[in-house]
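Enquirer: when you get a sec, could you give me coordinates for this:
(2 chains)
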Amino acid sequence: MRVLLDPTSEQNPATRQVNARPASLDGLTVGLLDISKARGDVFLDRLDELLRADGVTTRRYRKPTFTKPAPVDLRHEISTQCEVVIEALAD
Amino acid sequence: MKLPDGLVAIVKRDCPTCVVVAPVLEQLAALTTLTVATQDDPTWPPDVNRYDDTSLELSWRLKVHTVPTVVRVIDGVEVGRVEGWLRPQWEQLTGVDGLGPALPEHRPGCGSKSVEWGIEEELDRRYGGRVLSARTVELADLEDDVEAAYDRGWTDGLPVVPPTEARVLRMLAGRDPTEIVAVVPPDLVACTVEKVAINAVMAGCLPEYLPVVLAAVEAACTDEFNAHGLLATTYFSSPVVVVNGPVARAIGMNSGTNALGQGNRANATIGRAVQLIIRNVGGGRPGEVDRATLGNPGKYTFCFAEAEDESPFEPLHVSRGAAPGSSAVTLFAGAGVSPVVDQISRAPESLARTFALALRAVAHPKLAYAFDAMLVISPEHGRVLAAAGWDRSRLLAELDPLLELGPDDLRRGNGGIDEGMPPGLDAAPLPKFRPGGLLLVHAGGTAGMFSAVIGGWVSGDTGSSPVTKEI
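Expert: A predicted model of the protein is given here:
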């Protein structure tokens, strides 16, 4: 019998339940995460403007660089301060 | 397995010294308790108490390196041994005088079959108990082993060497397989020496390449090099591994003709091993976390050695802080090779202007400061610099003013091109590269007034910085 060794990490991807989408943003805080990609701020400025016009509370966050995962502290800050987050992902 | 008490001799008929001492063994067999374990011909030697060791288990358990070896065993425990033929020592160990009167005083033995290349690791695997911890994958009788690796998603698109236990043990060459080498992105997995060895086998590496692969993996997984972002980016780049120092010659790397091309096993497989580790251990696969728009062929493998002899420069690794005479890898986030042709310049000032013009095109001629570059200077270009006494720092200093981009070069819209530096960064001259963002390497064949620009990726803390690691 031929036997090979597994070259992978042998890990199963962790599955996490995505929170249900809220029916309304009333009373919720929306985090706006800029990953530091070019023009992400333009997109988020406009969203911020629209959300505030609807009376929604917003908070702004920014990753130090788009090339690395968000620092743990930043993720913790967002998760404790907001119920909803919008991330501007691309150029 | 219990060792037989008395004397145990390990021999093989293929060994001339064993053949010469066969009469001595017959002499001893008549006088004392002797077991003769034969590695290759269980019917030989004739008039002794023989043990068939064609499985080599006894030889392996006794850690025999040379035949003949004679061991004295009391209560199953070895208390003494002699290797080869040495009459006084044989007489001392056996307690019998006058052994082999017709024989010379001394004759060296031959290598034991149990330590032949490829055999020892198989015996380790068979009799040593399992030292590896990777999950084993049993193949069905009709399954092709190369196709099996494809089916499981383990390859980069090219066939891999099937990673059997014997091959992986050979690759490890006695190293501790459990040691953690690095935390490999994007899944941030603690990667053991064993997993590196498995992927190195698959890439086609020889065991002597493993130290270079280990150093390259360590360098790739530093925060400065940022293999995570490099993998995830839509940009072209991937790790380029430059090897310096004695190790490059020792393992037969190519720094000369076609140094950036195909055909050298060490160049090809070391770079490939790094990529397979990011794919298999880190979980970084194209179309998943790897979002490259186009990629580049160097994502299969991109590894070469610097031509340190005849170089106008001190070696790259030494210029980056490694000890002179040491071996090291330098990792650079390279995006592919662009040729630089200059067959006319015989003065370094002229050649530097050619280099600068080519380097300005990295990423986009109107973009400054954000991308690093590596300039690979060939021997014929290097000779022009050397003849004028230009070393690394002189060439870099001469290139600085030539690589300054003025506002007219940079401004968005200028030249009828919308791309350019954003407002606020277009008012004053900017250097094309950040300080330290241009690496110079000497490599290539001795004919051809060609050099090469390897464009980089987003540089510095925002993206990736080159990392040099001693091996």
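Enquirer: can you name the residues that contact B:Asn254?
Expert: B:263-264, B:266-267, B:304-305 (Cβ atoms under 8 Å, 6 or more residues apart in numbering or on different chains). Any C-beta I mention is one placed from the backbone N, CA and C, and that applies to glycine too.
Enquirer: let's see 10 Å
Expert: When contacts are counted by Cβ atoms under 10 Å, 6 or more residues apart in numbering or on different chains, B:Asn254 touches B:248, B:260-268, B:303-305, B:307, B:443, B:445.
Enquirer: measure it to chain A for me?
Expert: Computed with Cβ to the nearest Cβ, to the nearest Å, the distance linking B:Asn254 and chain A is 26 Å.
Enquirer: helix, strand or coil for the residue nearest to B:Leu56 when sequence neighbours are not counted?
Expert: Here the nearest residue to B:Leu56 in space, its sequence neighbours aside, is B:Ser114; by Cβ to Cβ, 6 or more residues apart in numbering or on different chains that works out to 4.5 Å. Recorded secondary structure, B:Ser114: helix (DSSP: H, G, I helix; E, B strand; the rest coil).
Enquirer: one more: the one 10 residues further on?
Expert: Under three-state DSSP, B:Asp124 falls in the helix class.
Enquirer: swap in B:Lys469?
Expert: In terms of secondary structure, B:Lys469 is strand; the call rests on three-state DSSP.
Enquirer: give me the residue from chain A nearest chain B.
Expert: Across chain A, the shortest distance to chain B (Cβ to the nearest Cβ) belongs to A:Thr67, at 2.9 Å.
Enquirer: check contacts around that residue.
Expert: Residues counted as contacts of A:Thr67 (Cβ under 10 Å, 6+ apart) are A:35-37, B:226, B:228-233, B:235, B:457-458, B:461-464.
Enquirer: what helices and strands are in contact with the lengthiest strand in chain B?
Expert: Among all segments of chain B classified by DSSP state E, the strand with the greatest residue count is strand B:450-458. Counting contacts by 3 or more Cβ pairs under 10 Å, 6 or more residues apart in numbering or on different chains; DSSP states H and E, the secondary-structure elements packed against strand B:450-458 are helix B:227-232, strand B:238-244, strand B:328-334, strand B:337-341, helix B:348-359, strand B:371-377, helix B:379-387, strand B:438-442.
Enquirer: buried ones in it?
Expert: Using 16 or more other Cβ atoms under 10 Å in any protein chain shown as the test for burial, strand B:450-458 gives B:450-458.
Enquirer: give the pairing partners of that strand; include direction for each.
Expert: Using DSSP bridges, the neighbouring strands of strand B:450-458 in the sheet come out as strand B:337-341 (antiparallel), strand B:371-377 (antiparallel).
Enquirer: for those strands, state which one has the densest average packing.
Expert: Ranked by mean neighbour count, the strands paired with strand B:450-458 are led by strand B:371-377 with a mean of 26 (mean count of other Cβ atoms under 10 Å in any protein chain shown).
Enquirer: neighbours around residue 27, how many?
Expert: I went with chain A, as the question did not name one. Neighbouring residues of A:Gly27 were enumerated by other Cβ atoms under 10 Å in any protein chain shown; the total is 10.
Enquirer: nope, chain B please
Expert: Neighbour count for B:Gln27, taken as other Cβ under 10 Å: 20.
Enquirer: B:Arg394 too?
Expert: If you count neighbours by other Cβ under 10 Å, B:Arg394 ends up with 16.
Enquirer: about what we covered before: so which of the buried residues of strand B:450-458 comes closest to B:Pro239?
Expert: Ranked by distance to B:Pro239 (Cβ to Cβ), those are led by B:Trp457 at 10.3 Å.
Enquirer: and that closest one, what pLDDT?
Expert: The confidence metric pLDDT takes the value 95 at B:Trp457.
Enquirer: using CSV, write out every CA atom in the longest strand of chain B.
Expert: Taking only C-alpha atoms (Å, rounded to 0.1, in the frame of the first residue of the first chain), the coordinates of strand B:450-458 have been written out as CSV:
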residue,chain,number,x,y,z
PHE,B,450,21.8,43.3,-20.6
SER,B,451,20.6,43.8,-17.1
ALA,B,452,17.2,43.3,-15.6
VAL,B,453,14.7,45.3,-13.6
ILE,B,454,12.6,43.3,-11.2
GLY,B,455,9.8,45.7,-10.1
GLY,B,456,8.7,45.5,-6.5
TRP,B,457,5.4,45.9,-4.7
VAL,B,458,4.0,48.4,-2.3
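Enquirer: and chain A, which residues reach chain B?
Expert: A:1-11, A:13-14, A:36, A:38-39, A:64-69, A:90-91 (Cβ under 10 Å from any Cβ of the partner chain).
Enquirer: who's in contact with B:Glu194?
Expert: Taking Cβ under 10 Å, 6+ apart as the definition, contacts of B:Glu194 comprise A:5, A:7, B:131-134, B:168-169, B:171-172, B:175-179, B:181.
Enquirer: most surrounded residue in the residues you listed?
Expert: Across those, neighbour numbers were computed from other Cβ under 10 Å; A:Pro7 holds the maximum, 31 neighbours.
Enquirer: I figured that residue hits B:Val189, correct?
Expert: No: distance between A:Pro7 and B:Val189: 11.8 Å, which falls outside the contact criterion (Cβ atoms under 10 Å).
Enquirer: can you check which residues contact both of these two?
Expert: Overlap between the neighbourhoods of A:Pro7 and B:Val189 consists of B:195, B:277, B:280-281, taking contacts as Cβ under 10 Å, 6+ apart.
Enquirer: B:Ala397: how many residues sit nearby?
Expert: By other Cβ under 10 Å, 12 other residues sit near B:Ala397.
Enquirer: quick check: pLDDT value at it.
Expert: Predicted confidence (pLDDT) for B:Ala397: 97.
Enquirer: where does chain A have low pLDDT?
Expert: Applying pLDDT under 70 to chain A picks out residues A:13-14, A:91.
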